[in-house]
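> coordinates only, sequence not included:
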């Protein structure tokens, strides 16, 4: 029988889930004697063992081309069980109010960043291991945001350093990272990438692989933020309507950063328009030509700029200049592959 790639992938994912449950049951009891499990655990254990047995027998019947897919997938030696990691993330989210608009925004954003990391990584032709690592980092990069929203109902950096808080809950005393992956081999890369993902500038990373993932999560974060700025409510993003923001001027220090083709410091943002301008100027800080190419292909910069109707004459002129200059900058970077 000939199986499609999708059927093979689905079966291997099922195997991965079953193996994860078996491992967790064994770890919970710290033994492997079936008689020591309670009735429900015993039933689960036998069920998942049965699945593993079926998949192992199924593998023996595959054609050479189908076996090659499994060799590439290398499902028994995957760096991460991303299905279990997503399940653990969903369990973590249950501690928060999923109906809160800001919480909703960050949930969607998290999965959006994971998708963007995969899209960029695919264009860069990263290894399967680095693709999985990038997705794990993306899943966890904003884990500190949810507590920030619950405590302060805000995304503003002066309320909490969400990256530092995320590192603390993942790698501090509680070691929450083990809820997402049992393997600690990549802990230093994950920790550093999350810690640095929202820094104004990426500095102080010497290890080559860590630098790759620190750059990748920053690009993926900004790439999904294009979607956020286009689709999310301006009231949620700015705390005011687009009409109100469009009446405001751009502060001199903010415009100076734009002229220098630089990102905008948080402390320099005074008006709502300053915040909006900073959302566009951040694309001067993209790391990879592949990311720049995606931004251009999706026409993100003009679409972000056009969300607000600018009625302040000085702002009208400057937003036109900024839109054109960011576009030209990205074209130069995208062509530098």
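Yep, that arrived. Because the structure is predicted, anything quoted here is derived from the model rather than measured. Residues are numbered from 1 along each chain as shown.

> Name the residues that touch stretch 232-240?
The contact list for stretch 232-240 (C-beta atoms under 8 Å, 6 or more residues apart in numbering) reads 101-102, 105, 228-229, 241-242, 245, 272, 275-276, 307-308. The C-beta positions use only the backbone N, C-alpha and C, and glycine is treated the same way.

> Any idea how far that stretch is from the middle of the chain?
Centre-to-centre, stretch 232-240 and its host chain are 21 Å apart (C-alpha atoms, centre = their mean, to the nearest Å).

> Break the chain down into its structural domains.
With domains defined by automatic domain parsing, the chain comprises 1-77, 78-228, 239-334.

> and the shortest one, average pLDDT?
Right, domain 1-77. Per-residue pLDDT values over domain 1-77 give a mean of 65.

> Next: stretch 292-300.
pLDDT averaged over stretch 292-300 gives 96.

> Stretch 322-334 now?
For stretch 322-334, mean pLDDT rounds to 96.

> Give me the contacts around it.
Against stretch 322-334 from outside (C-beta under 8 Å, 6+ apart): 258, 261, 277, 280-281, 283-284, 286, 289, 292-293, 295-296, 301-302, 305.

> again with stretch 177-194
23, 27, 79-81, 84-85, 88-89, 91-92, 133, 136-137, 139-141, 143, 163, 166-167, 170-171, 205, 207, 209-210, 213-214, 216-217.

> Quick check: ChimeraX command selecting the buried ones in the residues you listed.
Here is the ChimeraX command that selects the buried residues among the contacts of stretch 177-194 (16 or more other C-beta atoms under 10 Å):
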select :79,80,81,84,85,88,89,92,133,136,137,139,140,141,143,163,166,167,170,171,205,210,213,214,216,217
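
> ok so, going back, in PyMOL, how would I select just the buried ones from the contacts of stretch 232-240?
With 16+ other C-beta under 10 Å as the criterion, this PyMOL line picks the buried residues out of the contacts of stretch 232-240:
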select buried, resi 102+105+228+229+242+245+272+275+276+307+308
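
> I'd like the contacts of stretch 232-240 laid out as a markdown table, including secondary structure, distance to residue 115 and pLDDT.
A markdown table is the format used below for the contacts of stretch 232-240 (DSSP: H, G, I helix; E, B strand; the rest coil; distance: C-beta to C-beta, whole Å; pLDDT from 0 to 100):
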| residue | secondary structure | distance to residue 115 | pLDDT |
| --- | --- | --- | --- |
| 101 | helix | 21 | 89 |
| 102 | helix | 20 | 90 |
| 105 | helix | 16 | 90 |
| 228 | helix | 13 | 91 |
| 229 | helix | 16 | 93 |
| 241 | coil | 30 | 92 |
| 242 | helix | 27 | 92 |
| 245 | helix | 29 | 95 |
| 272 | helix | 29 | 95 |
| 275 | helix | 25 | 95 |
| 276 | helix | 25 | 97 |
| 307 | coil | 22 | 95 |
| 308 | coil | 26 | 95 |
